[in-house]
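Asker: please find the sequence and the predicted model below.
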Amino acid sequence: MHTNVVIVGAGPAGLAVGACLRRAGLDFVILEKAHEIAPVWRRHYRRLHLHTVKSFSSLPHMPFPKDYPRYVPREKVLAYLDAYAERFELRPRFGETVNSILREDGGYLVETGTNTFSARQVVIASGSNAEPVVPDLPEIDAFKGRRLHSADYTEATPFTGQSVLVVGMGNTGAEIALDLAECGARPTLSVRNGVHIVPLQLFGVPIQMIAIASQPMPQAVNDRLFPIVLDFALGKLEKYGIVRPKQGILEQVDAGRIPVIDVGTVETIKSGGIKVAPDIKRFTEHGAIFVSGRQAEFDSVILATGYRPGFEKFLPTELWPGKSGVTRQASELGLYLVGFHNPVTGLLREIGREAVAVTNDIKRRSSTR
């Protein structure tokens, strides 16, 4: 099957690119290994809300409905994505797992388990959360309680009354720990390294809008200023077992680590509803021993240990186009990544900007043929 553009993935990034290409009058095919759009969003835990405001989080050419709250909950995000696909007549080919992408005659052959697609350009939009990362933790197989990755966590009810160890304090780990505490569980957060935490709103202003406004300032100035402001807003958290990394917030973002956006976890830690522990030395049959020497028993362990993109399985290293968006190499190759850069100004906002830029570059390439 021949097409102008193959889009890999039918999550927000793939849908955004599809909508932009549709408006540009360019033909394309969206391939999705699942049997529904936005499968990652459908498996997210139920209490999840966007941490960015709706006015800066919609996809191109279709804002969120006016009656949606400022921070859109998961079920409304899904309703929006379904409506978005319908409005732009996006009909992904479901059940198509991409196995390889090969260069051929200035274009690409995209092979799935059942079909081969020939395309002039390819957009990888499968997302950074395609595959759960399960680290090899010391003696974790000795633990006899329940163990699961955060990708399989939906709600706190099954853990009510239990002592639960949450491994990892990124945004997912911090919010799951809060969810557990609010539903009567006894969570402990294991924090391996330092972590930057920012409030959802700073003095009533969404942190995303502050991040956008501070973009023109030099990174070094931002990285010196933010800790002072955050200490005032959240208090000094070292006494609760949370330390800042040596790298500044923006320096860490450049390295691919976004700060934890606090939605209530900090106050629950301060009140004792969530305990904080250091890295794990090893697991035991009924719990864990931490590097501090402290030992504790747990009924369950939730691994909030992140995800990986997974596109390295089907995309040869020599074809990687560099960073997300329109890089020089991506433009030369006609092969783009969209949705793999998560700045402090918001992932969905960045996806929209990248989708527009990639579509414009594909139009330029098409006009020069």
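Answerer: Perfect, I can see it now.
Asker: which residues of the protein fall in helices?
Answerer: Secondary structure of the chain, counting by DSSP state H: helices at 12-24, 39-43, 74-87, 171-182, 207-213, 219-234, 249-254, 265-270, 328-333, 347-367.
Asker: same list (the ones you listed) but as a markdown table, adding mean pLDDT, mean neighbour count and distance to R282.
Answerer: Bear in mind the C-beta positions are built from the backbone N, C-alpha and C, glycine included. As requested, the helices of the chain are exported to a markdown table (pLDDT from 0 to 100; neighbours: other CB atoms under 10 Å; distance: least, CB to CB, whole Å):
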| stretch | mean pLDDT | mean neighbour count | distance to R282 |
| --- | --- | --- | --- |
| helix 12-24 | 98 | 25 | 39 |
| helix 39-43 | 93 | 16 | 30 |
| helix 74-87 | 98 | 17 | 35 |
| helix 171-182 | 97 | 24 | 20 |
| helix 207-213 | 86 | 19 | 37 |
| helix 219-234 | 84 | 15 | 32 |
| helix 249-254 | 76 | 19 | 28 |
| helix 265-270 | 97 | 20 | 25 |
| helix 328-333 | 93 | 16 | 44 |
| helix 347-367 | 95 | 20 | 35 |
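Asker: N4 is nearest to which of the ones you listed?
Answerer: Among these, the nearest to N4 by CB to CB is helix 347-367 (7.0 Å).
Asker: quick one, the closest one and helix 74-87 angle?
Answerer: 20 degrees (axes from the mean of the first three to the mean of the last three CA atoms, to 10 degrees).
Asker: what is helix 347-367 packed up against?
Answerer: Secondary-structure packing of helix 347-367 (3 or more CB pairs under 8 Å, 6 or more residues apart in numbering; DSSP states H and E): strand 2-8, helix 12-24, strand 116-124, helix 328-333.
Asker: which residues touch that helix?
Answerer: For helix 347-367, the surrounding residues in contact (CB atoms under 8 Å, 6 or more residues apart in numbering) are 4-5, 12-13, 16-17, 19-21, 24, 26, 50, 52, 56-60, 120-121, 123, 208, 324-326, 330-331, 334, 336, 338-339, 341-343.
Asker: one more: stretch 310-328?
Answerer: Counting by CB under 8 Å, 6+ apart, stretch 310-328 makes contact with 8, 98-103, 124, 126, 130-131, 329-330, 333, 335-341, 350, 353-354, 357-358, 360-361, all of which sit outside it.
Asker: please identify the buried residues of it?
Answerer: F311, F314, L315, W320, P321, S324, G325, V326 (16 or more other CB atoms under 10 Å).
Asker: also stretch 182-196?
Answerer: Neighbour counts over stretch 182-196 (16+ other CB under 10 Å) mark C183, A185, R186, P187, T188, L189, S190, V191, V195, H196 as buried.
Asker: got the end-to-end distance for that stretch?
Answerer: 23 Å (CA to CA, to the nearest Å).
Asker: circling back to that earlier point, nearest to F290, of the helices and strands packed on helix 347-367?
Answerer: Short answer: helix 12-24, nearest of the helices and strands packed on helix 347-367 by CB to CB, at 37.6 Å.
Asker: same for that closest one, what does it pack against?
Answerer: If contacts are counted by 3+ CB pairs under 8 Å, 6+ apart, helix 12-24 sits against strand 2-8, strand 28-32, helix 74-87, helix 347-367.
Asker: mind putting those in TSV, distance to G168 included?
Answerer: Formatted as TSV, those follow (distance: least, CB to CB, whole Å):
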stretch	distance to G168
strand 2-8	28
strand 28-32	28
helix 74-87	20
helix 347-367	19
